[in-house]
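# Have a look; sequence and predicted model below, questions after that.
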Amino acid sequence: MNPLLALRVAEYARDAYRQHPWRWRILAALPLAAPLLAALLLAGVLIAIADDSSGSPETPADVPGIPAVMLAAYTRAAQRVAQLRPDCRGMHWAVLAGIAQEESHHATGRAIAPNGDITPPILGPLLDGSGTGGNRTPIRNLDGTFARAEGPFQFLSTTWSTVAQDGNDDGIRNPQNAFDAALTAALYLCGRGPLDLGKESDLRDAIYSYNASQVYVDQVLADIRNYDALQLHPAAAHSPASGQAKQVIDAAMSQLGVTYAWGGGTAAGPSRGIRDGGEADRHGDYDKIGFDCSGLTLYAYARVGITLPHQSGAQFALGTRLSRAAGLAALRPGDLVFYSPGIIHHVGIYLGYGQMVNAFASGTFVRKDPVNLHEYAGGVHLLP
């Protein structure tokens with residue numbers, strides 16, 4: 001530094017100190033107090049986090065059937081609601097997961113980038129009044145083109161244009177982005193007035209505003225309860241099977257990788273499949289040795305002396321029924337879980353934490369899968 005300049009700086013500092021001595025003493029003491037101030041700041045942050053987290057359910061690290069980016073989008077959106085809609089209480093990730101489960105099965109079959117972009121796009125049919133999807137009234141965009149539902153939360157393009165949010169802060173509002181769509185859905189559900197989604201009446205009203213169908217409301221509520229069960233009952237979800245349940249599960253798990261064969265499976269093990277006149281025949285199941293879904297459960301339960309019929313619908317009629325509405329929290333390891341889009345068509349053995357072992361379908365094999373909440377029809381408890 002120039003010596004003359006350094007001297008002038010020193011003189012300025014001396015004069016400033018003489019005019020405001022206490023101000024300069026405080027500034028001089030700041031480096032010494034920095035560690036204490038940092039500790040106090042950290043404590044405040046931790047208290048704020050604890051206080052904030054106490055008002056909303058904890059998000060599991062992973063949820064069977066929900067891609068990690070989608071779960072992150074639901075979580076982030078629920079957290080931001082408190083800032084953007086302070087009068088809306090009770091929003092949490094499971095509410096958004098329940099909506100997305102019904103609307104797109106969490107973007108199943110699509111690639112989901114880390115920033116939330118979904119490809120290929122999720123597009124509903126053009127709402128031209130032709131009757132597709134039940135639409136009898138044409139709905140048009142401002143440019144005259146027909147509207148359609150878009151993205152994992154299936155917003156009408158006309159609605160999106162008025163309520164869209166930027167959930168990942170990239171300056172773009174894209175219905176085909178998980179973060180944008182989740183935040184938009186969260187704020188749409190909250191509306192503009194005071195709302196407490198912790199109350200079932202308010203939650204029902206919010207879901208109904210999203211889709212004016214009581215059947216839809218009931219389906220979403222069942223999904224939400226199932227997701228809540230995963231976080232509220234982690235001990236039960238992870239409790240290891242014991243006794244006869246363990247014997248049943250061990251028997252089924254010992255068959256992982258065995259070929260699916262429609263009609264295959266006996267109490268003794270895999271057997272040759274049979275003809276069905278359709279899908280199984282196209283896969284040549286009649287010429288394979290393996291299990292179908294009910295053949296696997298029949299085999300596993302035979303290990304503990306329980307004889308099951310070789311048909312999933314007949315198995316559903318046995319034991320103690322566990323309703324779909326009761327959710328996965330009602331299940332115990334070893335219970336049978338059933339699928340139904342109308343009639344019972346599939347069965348597996350529950351392992352815990354949303355997972356089951358099952359002989360899945362023609363062309364596949366015995367494997368572990370998450371319980372598909374969209375088709376879950378309930379369970380059956382057969383063991384003491």
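Cool, the structure landed. Numbers count the residues shown, from 1 in each chain.

# does the closest residue to D292 other than its chain neighbours count as helix, strand or coil?
Leaving aside its chain neighbours, D292 sits nearest to W262 (5.0 Å; criterion: CB to CB, 6 or more residues apart in numbering). The way it works is simple: take the backbone N, C-alpha and C, and place the C-beta from them, glycine included. Following DSSP: H, G, I helix; E, B strand; the rest coil, we place W262 in the coil state.

# Report the contact partners of W262.
273-274, 276, 279-280, 285-286, 292, 362 (CB atoms under 8 Å, 6 or more residues apart in numbering).

# Dump these to a markdown table, plus secondary structure and neighbour count.
Shown next, in a markdown table, are the contacts of W262 (DSSP: H, G, I helix; E, B strand; the rest coil; neighbours: other CB atoms under 10 Å):
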| residue | secondary structure | neighbour count |
| --- | --- | --- |
| G273 | coil | 27 |
| I274 | coil | 14 |
| D276 | coil | 16 |
| E279 | helix | 12 |
| A280 | helix | 23 |
| D285 | helix | 24 |
| Y286 | helix | 16 |
| D292 | coil | 30 |
| S362 | coil | 21 |
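
# which residues touch the closest residue to L126 other than its chain neighbours?
Among residues not flanking L126 along the chain, F146 sits closest, at 4.2 Å (CB to CB, 6+ apart). Residues in contact with F146, defined by CB under 8 Å, 6+ apart, are 126-128, 138-140.

# Most neighbours among the residues you listed, please name it.
Highest neighbour count within the contacts of F146: L127, with 22 neighbours (other CB atoms under 10 Å).

# What spatial separation is found between it and P175?
15 Å (CB to CB, to the nearest Å).

# what stretches of this protein score poorly on pLDDT?
1-61, 131-136, 230-240 (pLDDT under 70).

# the strands in it, which residues?
88-89, 111-112, 118-119, 149-150, 155-156, 195-196, 271-272, 289-290, 320-323, 336-339, 346-352, 355-359, 366-370, 376-381 (DSSP state E).

# In JSON lines: the ones you listed, plus distance to D166 and mean neighbour count.
Converted to JSON lines, the strands of the chain look like this (distance: least, CB to CB, whole Å; neighbours: other CB atoms under 10 Å):
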{"stretch": "strand 88-89", "distance to D166": "19", "mean neighbour count": "20"}
{"stretch": "strand 111-112", "distance to D166": "18", "mean neighbour count": "15"}
{"stretch": "strand 118-119", "distance to D166": "16", "mean neighbour count": "17"}
{"stretch": "strand 149-150", "distance to D166": "16", "mean neighbour count": "20"}
{"stretch": "strand 155-156", "distance to D166": "14", "mean neighbour count": "20"}
{"stretch": "strand 195-196", "distance to D166": "22", "mean neighbour count": "16"}
{"stretch": "strand 271-272", "distance to D166": "57", "mean neighbour count": "16"}
{"stretch": "strand 289-290", "distance to D166": "50", "mean neighbour count": "20"}
{"stretch": "strand 320-323", "distance to D166": "40", "mean neighbour count": "14"}
{"stretch": "strand 336-339", "distance to D166": "38", "mean neighbour count": "24"}
{"stretch": "strand 346-352", "distance to D166": "39", "mean neighbour count": "24"}
{"stretch": "strand 355-359", "distance to D166": "35", "mean neighbour count": "25"}
{"stretch": "strand 366-370", "distance to D166": "31", "mean neighbour count": "17"}
{"stretch": "strand 376-381", "distance to D166": "34", "mean neighbour count": "21"}
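
# can you redo those as a markdown table with distance to A100?
Below are the strands of the chain laid out as a markdown table (distance: least, CB to CB, whole Å):
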| stretch | distance to A100 |
| --- | --- |
| strand 88-89 | 18 |
| strand 111-112 | 12 |
| strand 118-119 | 11 |
| strand 149-150 | 13 |
| strand 155-156 | 12 |
| strand 195-196 | 20 |
| strand 271-272 | 40 |
| strand 289-290 | 35 |
| strand 320-323 | 23 |
| strand 336-339 | 20 |
| strand 346-352 | 23 |
| strand 355-359 | 20 |
| strand 366-370 | 15 |
| strand 376-381 | 16 |
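
# of the ones you listed, which approaches Q101 most closely?
strand 376-381 (10.6 Å; CB to CB).

# now what about stretch 64-77, what contacts it?
Counting by CB under 8 Å, 6+ apart, residues outside stretch 64-77 touching it are 59, 62-63, 93-94, 96-97, 100, 106-107, 112-114, 116, 152, 167, 178-179, 181-183, 185-186, 230, 353-355, 370-373.

# got the buried residues for that stretch?
64-67, 69-77 (16 or more other CB atoms under 10 Å).

# Next: stretch 154-174.
154-157, 159-160, 164-165, 167-168, 173-174.

# how much space between the residue nearest to L126 and T159?
14 Å.

# now do A377
32 Å.

# if we can go back for a sec, quick check: beta-bridge partners of the residue nearest to L126?
Beta bridges link F146 to R140, judged by DSSP bridges.

# Please tell me how far it sits from P120.
20 Å.

# repeat for A206
30 Å.

# Which one of the two is surrounded by more residues?
The neighbour comparison of A206 against P120 (other CB under 10 Å) goes to A206, with 22 against 9.

# Quick one: residues contacting that one.
189-191, 195, 197.

# ok, now which ones touch G257?
Per CB under 8 Å, 6+ apart, neighbours of G257: 365-367.

# Closest one to Q83 out of the residues you listed, please.
Nearest member of the contacts of G257 to Q83, counting by CB to CB, is R367, at 42.6 Å.

# Give the burial count for V248, as a bare number.
Count around V248 with other CB under 10 Å applied: 27.

# what's the distance between it and Y376?
Relative to Y376, and taking CB to CB, V248 is found at 19 Å.

# do D128 as well
From D128 over to Y376 (counting by CB to CB), the distance is 34 Å.

# Let's see stretch 329-336 as PDB, backbone CA atoms only.
C-alpha atoms of stretch 329-336 as PDB (Å, rounded to 0.1, in the frame of the first residue of the first chain):
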ATOM      1  CA  ALA A 329     -51.500 -50.400   8.800                       C
ATOM      2  CA  ALA A 330     -54.000 -53.200   9.400                       C
ATOM      3  CA  LEU A 331     -51.800 -55.800   7.800                       C
ATOM      4  CA  ARG A 332     -49.300 -58.100   9.500                       C
ATOM      5  CA  PRO A 333     -46.400 -59.900   7.800                       C
ATOM      6  CA  GLY A 334     -47.800 -63.200   6.300                       C
ATOM      7  CA  ASP A 335     -51.200 -61.800   5.500                       C
ATOM      8  CA  LEU A 336     -52.700 -62.200   2.000                       C
END
